[in-house]
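Enquirer: Sequence plus the predicted model coming up.
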Amino acid sequence: MTSPEPDPLVICVAPNGARKVKADHPAVPLTAAEMAEGAARWRDAGACMLHLHVRDAHGGHILDADLYCEAMAAVRSTVGDDLILQITTEAVGRYTAPEQMAVVRAVRPEAVSLAVRELIPDADHESAAAAFLEELYAAECFVQYILYSGEDVDRLRDLCRRGIVPGNRMNVLFVLGRYTRNQESDPRDVLPFVERWDTARDGLWSVCAFGRREAACVLTAAGFGGHARVGFENNLHRADGSLAADNADLVAQVAQGGRLFGRRPAKADQARALFSECR
């Protein structure tokens, strides 16, 4: 009796984040044109989704609907629908939950990442969040919930049970660490999340990690059936410790590692099919 073929590996590229600038690496993309220029290389290396941050005129993090639409149009002009475009709502200490929701409503993206701690920091925010998430559910937007700890997993499951988060299965990103100077994630950081998560019951999960063991962390997740987010947002180095030439370097090594698990890089339509099951 043969075992079922594992799901293809969804690789999301996070090419800039909210903090990296050209001084960190000259290949950090900051403009719509730079995003468009890199998109085909990231796709060809094995990515099927782009985690999109936009920057203001000074290179700073911003949540701006017009800039998102400009960047998305630029990327679509080079790769069409070959990449799922996921916008971020990351607050970086600047944006409130209502402001985060407002930009998503204005952009109406195919996919969005939402940090549960930011969107629903306490019970007072639950009602507004429930209405917002129901809108996204009805619009068939691919929502990815960002979780930082096992306790976050338990809270998200409770929010789902109480109907604040719609649907029965979710798409989540487990963050291995924090945005702190010299943060270095460890593959063992995956375990507290895996112990709490049941893929068949709870839904799809991915991992992102910080520092030079990024590839080791996300490939550990791949071995447990998870998916990967990699890129300059959290790491600038290849697995051997050398400086990556660009984001495609980081995507390519994870794509190759995934093949060793029998998990070929997912194409965008395959990822869309997997995400559609998280409802």
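Expert: Arrived safely.
Enquirer: Helices of this protein, start to end?
Expert: Assigned by DSSP state H, the chain shows helices spanning 32-45, 65-79, 97-107, 116-119, 126-138, 150-161, 191-196, 199-202, 214-223, 247-260, 268-276.
Enquirer: now those helices as CSV including mean pLDDT, mean neighbour count and distance to residue 231?
Expert: (C-beta placed from N, C-alpha, C; glycine too.) Compiled in CSV, those are given as follows (pLDDT from 0 to 100; neighbours: other Cβ atoms under 10 Å; distance: least, Cβ to Cβ, whole Å):
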stretch, mean pLDDT, mean neighbour count, distance to residue 231
helix 32-45, 98, 20, 8
helix 65-79, 98, 18, 14
helix 97-107, 98, 17, 21
helix 116-119, 96, 19, 21
helix 126-138, 97, 16, 24
helix 150-161, 94, 16, 22
helix 191-196, 93, 16, 20
helix 199-202, 89, 12, 24
helix 214-223, 97, 24, 9
helix 247-260, 97, 21, 5
helix 268-276, 97, 18, 16
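Enquirer: and residue 10, which of those is closest to it?
Expert: Of all the helices of the chain, helix 268-276 sits nearest to residue 10, with 4.7 Å by Cβ to Cβ.
Enquirer: Run through who's touching that closest one.
Expert: For helix 268-276, contacts defined as Cβ atoms under 8 Å, 6 or more residues apart in numbering pick out 7-8, 10, 48-49, 81-84, 111, 140, 142, 171, 204, 266.
Enquirer: Show me which of those residues are buried.
Expert: Listed as buried from those are 7-8, 10, 48-49, 82-84, 111, 142, 171, 204, 266; burial here means 16 or more other Cβ atoms under 10 Å.
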